[in-house]
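J.: Here is my input, please return the structure:
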Amino acid sequence: MSLTENNQNIPEIPWLEGELRLAGILDKRMIALLRAIEQSGSINQAAKQAGLSYKGAWQMIERANNLAPKVLIATAIGGSKGGGTTLTAAGLSLLNLFTRLEEQHRAFLRRLNQSLAADPDLMLLLKRQVIKTSARNQLFGTITRISPGSVNAEVFVTLKGGEQIVSSVNLSMLVTLNLSVGGDAVLLVNAPDIVVLREDYCELSARNRLDGHVIRVQFDGVDSEVIIQLVSGETIAATVTQTSAESLDLKPGCKASAVFKSSAVILAALSATGSS
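T.: Predicted structure coming up:
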């Protein structure tokens with residue numbers, strides 16, 4: 001999984017968004033309706049184009065006309081455009097004004113987003129918020145060591161609490177993901193791939209162990225979701241059978257460890273700070 005594709009292929013992310021609204025009621029829905037009326041001359045057709053019901057469109061028109069100092073929309077039976085609905089001079093003026101304001105609003109937001117993109121620390125925070133994945137666990141850390149083998153490489157990632165996780169990736173992915181020591185990484189681990197332990201142990205084939213305490217156990221009749229909070233405050237979820245959870249006597253407050261193999265970790269690299 002790569003978050004470091006060529007910048008030319010990554011659409012600019014609008015980190016900061018905002019809706020333009022005039023006088024509390026004149027928003028993009030109302031303006032879209034006005035534009036559609038200007039184009040079609042029909043309330044029925046305009047409502048469809050604006051994604052509104054016929055009744056809803058009429059209610060918006062009536063409210064706008066009542067609140068405006070001059071009528072914005074005029075209707076007459078038997079109009080040439082199949083509905084006799086047109087924008088008045090006041091309606092056209094409002095539409096033109098809003099169009100100009102939209103252009104200025106977009107330019108304003110673009111400048112603000114460019115300013116945000118120039119802040120490395122803020123970008124690191126924001127980029128973590130937009131990652132979407134089906135994996136239950138998402139952990140963020142810094143790559144501290146890479147140990148290549150003949151086929152795979154072990155990538156060591158240190159979490160903010162000091163815990164270390166090892167991920168096994170194919171050598172070709174080192175180049176594809178542009179992985180390097182000091183880079184930021186996202187670790188994705190599915191909850192069913194995690195084993196929960198209560199007691200100390202000597203040897204396990206799994207490379208990763210995160211110690212903490214249970215803060216929540218939720219049963220669904222067959223399986224249970226166990227949430228373990230690490231020392232750093234981060235949490236990791238594991239799915240175990242309800243029988244296992246009961247036999248381990250997993251309860252909020254008890255010490256527990258989340259154990260998983262290096263092959264169970266999906267590694268993703270955050271794009272370079274400041275790039276879009």
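J.: switch to C-alpha atoms for all contacts and neighbour counts from now on
T.: OK.
J.: Please compute how far the longest helix anywhere in the chain lies from its chain's middle.
T.: Using DSSP state H, we find that the single longest helix of the chain is helix 89-117. Average the C-alpha atoms of helix 89-117, do the same for its chain, and the two points are 25 Å apart (C-alpha atoms, centre = their mean, to the nearest Å).
J.: what packs against it?
T.: With contacts defined as 3 or more C-alpha pairs under 8 Å, 6 or more residues apart in numbering; DSSP states H and E, helix 89-117 has these neighbours: helix 28-40, helix 120-129.
J.: lowest-confidence stretch among those helices?
T.: When the helices and strands packed on helix 89-117 are compared by mean pLDDT, helix 120-129 comes last with a mean of 54.
J.: Report the buried residues of the host helix or strand of Met173.
T.: According to DSSP states H and E, Met173 maps onto helix 171-176. Going by neighbour count (16 or more other C-alpha atoms under 10 Å), the buried part of helix 171-176 is Leu174.
J.: Just the residues contacting it, thanks.
T.: 2, 148-149, 151-153, 180 (C-alpha atoms under 8 Å, 6 or more residues apart in numbering).
J.: lowest average confidence, helix or strand, in this protein?
T.: helix 120-129 (a mean of 54; mean pLDDT, DSSP states H and E).
J.: Moving C-terminal from it, which element do we reach first?
T.: Next in sequence after helix 120-129, counting helices and strands by DSSP H and E, comes strand 137-148.
J.: Kindly point out the strands partnered with that next one and how each is oriented relative to it.
T.: Strand 137-148 has its sheet partners listed here by DSSP bridges as strand 152-159 (antiparallel), strand 184-189 (antiparallel).
J.: Now do it: everything it contacts.
T.: 153-160, 171, 180-191, 236-237.
J.: cutoff 7 Å now
T.: 153-160, 180-191, 236-237 (C-alpha atoms under 7 Å, 6 or more residues apart in numbering).
J.: buried ones in that strand?
T.: Buried residues in strand 137-148, counted by 16+ other C-alpha under 10 Å: 137-144, 146.
J.: And the average pLDDT for that strand is what?
T.: In the prediction, strand 137-148 has an average pLDDT of 89.
J.: Kindly report the same for stretch 189-199.
T.: So the average pLDDT for stretch 189-199 ends up being 89.
J.: buried stuff in that stretch?
T.: Residues of stretch 189-199 classed as buried: 189-191, 193-197 (neighbour count, 16+ other C-alpha under 10 Å).
J.: Could you export these as CSV, including distance to Arg106 and secondary structure?
T.: Formatted as CSV, the buried residues of stretch 189-199 follow (distance: C-alpha to C-alpha, whole Å; DSSP: H, G, I helix; E, B strand; the rest coil):
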residue, distance to Arg106, secondary structure
Val189, 39, strand
Asn190, 40, coil
Ala191, 42, helix
Asp193, 45, helix
Ile194, 46, coil
Val195, 49, strand
Val196, 50, strand
Leu197, 53, strand
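J.: which of the buried residues of strand 137-148 lies closest to Asp223?
T.: For the buried residues of strand 137-148, the residue nearest Asp223 by C-alpha to C-alpha is Asn137; the value is 17.3 Å.
J.: May I have the beta-bridge partners of the closest one?
T.: Val189.
J.: Where do the domain boundaries of this protein fall?
T.: 28-117, 128-269 (automatic domain parsing).
J.: Could you dump the ones you listed into TSV and include distance to Arg21?
T.: Shown next, in TSV, are the domains of the chain (distance: least, C-alpha to C-alpha, whole Å):
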stretch	distance to Arg21
domain 28-117	7
domain 128-269	26
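J.: mean pLDDT lowest for which of these?
T.: domain 28-117 has the lowest average pLDDT among the domains of the chain, namely a mean of 80.
J.: Walking through the stretch 151-276 of the chain, point out its strands one by one.
T.: Remark: strands assigned in the stretch 151-276 of the chain by DSSP state E, counting those that start in this stretch are 152-159, 164-170, 184-189, 195-197, 208-219, 223-230, 235-241, 255-260, 266-269.
J.: Let's have the ones you listed in TSV, adding distance to Leu26.
T.: Shown next, in TSV, are the strands of the stretch 151-276 of the chain (distance: least, C-alpha to C-alpha, whole Å):
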stretch	distance to Leu26
strand 152-159	47
strand 164-170	52
strand 184-189	42
strand 195-197	55
strand 208-219	46
strand 223-230	46
strand 235-241	44
strand 255-260	53
strand 266-269	43
